[in-house]
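>>> From the sequence below, what's the structure:
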Amino acid sequence: MDFGRYLGIAITVVAFMFGLWVLLQTLGVVTTSLSTATNQIVATVSTTTATVPKIIYAFQPTNPSISSNNTQGYLLQLPQCYISSNPYGGYNGTFGLFNCVAITYGAISIVVWFYEPSGGQGAILAYMNAQYPNIDYRNINLYITSSGVLYAGDAYGSTPWQITTSISPGWHMVVLEVWASSTSGPYYLAAYLDGQLLGTSSTTSLPRMFGGVSNWPYSDIGVSYGDGIWPNAPNQWWFFNGTIAYVAIYNTVLSQSQVQQLYSAGFPSTLFAQNLVGAYLLVPGWYNGGGYYFVPYFVNSQIMNQMGIGNASAISITPSGSVGAIPSSQFVALESPFFNLVGGSGVVYTINNATGMDANKIFTPAINYAQSFASFFALVLIIGLVVGFIWTRRR
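Model prediction:
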């Protein structure tokens, strides 16, 4: 074999192996940099938190697409009981849940969380002796007027018994309490807004809550009929055009400290569960669209059974007045710092004990092996060149 050709081939191979060796050295630098970069990224993630806004889809009884003046919408009817012997001397018969609790236990506290939009108005809580769309006696326990005034209370005879305050747009918790000191009175009323006491009132007249004026079969959420005795309420069916997220009923008078704890806890909450009759979280996850009812978020079966109530579901009624489904369009997405199913002021995600991709561990062994092989092969070729050269010279 011609030594020149042999030398040319050998030099080409050596050059190739040298290039490979340089490439592998470069890869070593790259993998080290890659490891450093990924570890820096992970370190940043590990020390950075992300707060996710809490979005709740809450029940909206009406909106302009249903009624321009809030006269039609969707409502919820709460469970009923039968009172055969009213100890307060009021009417007997079928009552809705609000009156059932008050008459059976001598006290009721209703907690409601709602969102008041700009220009929001309508009845939020009520009980009646005829169900929408029929008109008869009615009682509005909680409503907001077009001028932004909140009315909370009851009535005795044809006289409203109320506590009022102005209210601003946003999320609010109202607690309405009515109780009797004895079966012959006197009777008391208290109202709280966002954990703060608005005021108290008393009367010796029998309130409607205890069966005055009529029996009241329908305890409703989202509507009532306004008439002449209710200050600044229109003489029409009056659906609330804000959103209602949570309603809880207690069979006791909550103290101011307990009300403040409920406000701090947000909703839903099972605080003071021994007196919590039932609670309704008015979101899609607790609504049975096929059965047309809300499943209670919490139900105290013992208390319900004492009142003779076997089914604690809240039935949905449509704008036509028939039992039917609430469409998804009536669940409005709102950000709420008080919605506590996801805790705090949002979900905070933090990655602990995280490590990046260690490219050195992945690639270095292979690179070292390839570099060793390239160096060994180049050395063998150089030795071969020397031996070949000496051999050809001797010939």
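>>> Which parts of the stretch 1-150 of the chain are helices?
For the stretch 1-150 of the chain, the helices defined by DSSP state H, counting those that start in this stretch occupy 3-46, 97-105.
>>> Low-confidence ranges, the stretch 1-150 of the chain, go.
Low-confidence segments of the stretch 1-150 of the chain (pLDDT under 70): 1-52.
>>> What's the local residue count around the closest residue in space to residue 106 that isn't next to it in sequence?
Leaving aside its sequence neighbours, residue 106 sits nearest to residue 180 (CB to CB, 6 or more residues apart in numbering; 5.0 Å). For glycine as for every other residue, the C-beta is placed from the backbone atoms N, C-alpha and C. A count of nearby residues for residue 180, using other CB atoms under 10 Å, gives 21.
>>> who does residue 180 bridge with?
residue 187 (DSSP bridges).
>>> ok, now how distant is it from residue 204?
Per CB to CB, to the nearest Å, residue 180 is found 11 Å from residue 204.
>>> who touches both of the two?
Shared contacts of residue 180 and residue 204, defined by CB atoms under 8 Å, 6 or more residues apart in numbering, comprise 186-187.
>>> helices or strands next to the helix or strand encompassing residue 219 in the packing?
Per DSSP states H and E: residue 219 is located in strand 218-221. Secondary structure elements in contact with strand 218-221, counted by 3 or more CB pairs under 8 Å, 6 or more residues apart in numbering; DSSP states H and E, are strand 75-77, strand 93-96, helix 97-105, strand 122-128.
>>> just to revisit the earlier point, what sits against the residue nearest to residue 106?
Residue 180 makes contact with 88, 102, 106-107, 186-188, 210, according to CB under 8 Å, 6+ apart.
>>> What's the ChimeraX line that selects buried ones from those?
Here is the ChimeraX command that selects the buried residues among the contacts of residue 180 (16 or more other CB atoms under 10 Å):
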select :88,102,106,107,187,188,210
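>>> could the contacts of residue 180 be laid out in a markdown table, adding distance to residue 300?
Supplementary listing: the contacts of residue 180 in a markdown table, determined by distance: CB to CB, whole Å:
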| residue | distance to residue 300 |
| --- | --- |
| 88 | 23 |
| 102 | 16 |
| 106 | 17 |
| 107 | 15 |
| 186 | 28 |
| 187 | 24 |
| 188 | 23 |
| 210 | 21 |
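>>> Just flag the most distant two among the contacts of residue 180.
Farthest pair in the contacts of residue 180 (CB to CB) is 102 and 186. Separation: 14.6 Å.
>>> Surely residue 325 is in contact with residue 289?
Yes: between residue 325 and residue 289 there is a contact under CB atoms under 8 Å: 4.8 Å.
>>> The stretch 51-200 of the chain: strands as residue ranges?
In the stretch 51-200 of the chain, the segments counted as strands under DSSP state E, counting those that start in this stretch are 55-59, 75-77, 80-83, 93-96, 107-116, 122-128, 138-144, 149-156, 159-166, 170-180, 187-193, 196-203.
>>> domain parsing for this protein?
Domains of the chain are assigned by automatic domain parsing as 3-48+353-394, 55-349.
>>> which of those is buried the deepest?
Mean neighbours per residue, mean count of other CB atoms under 10 Å, is largest over these for domain 55-349, with a mean of 19.
>>> pretty sure residue 69 contacts residue 237?
No: using CB under 8 Å, residue 69 is not in contact with residue 237; the gap is 9.6 Å.
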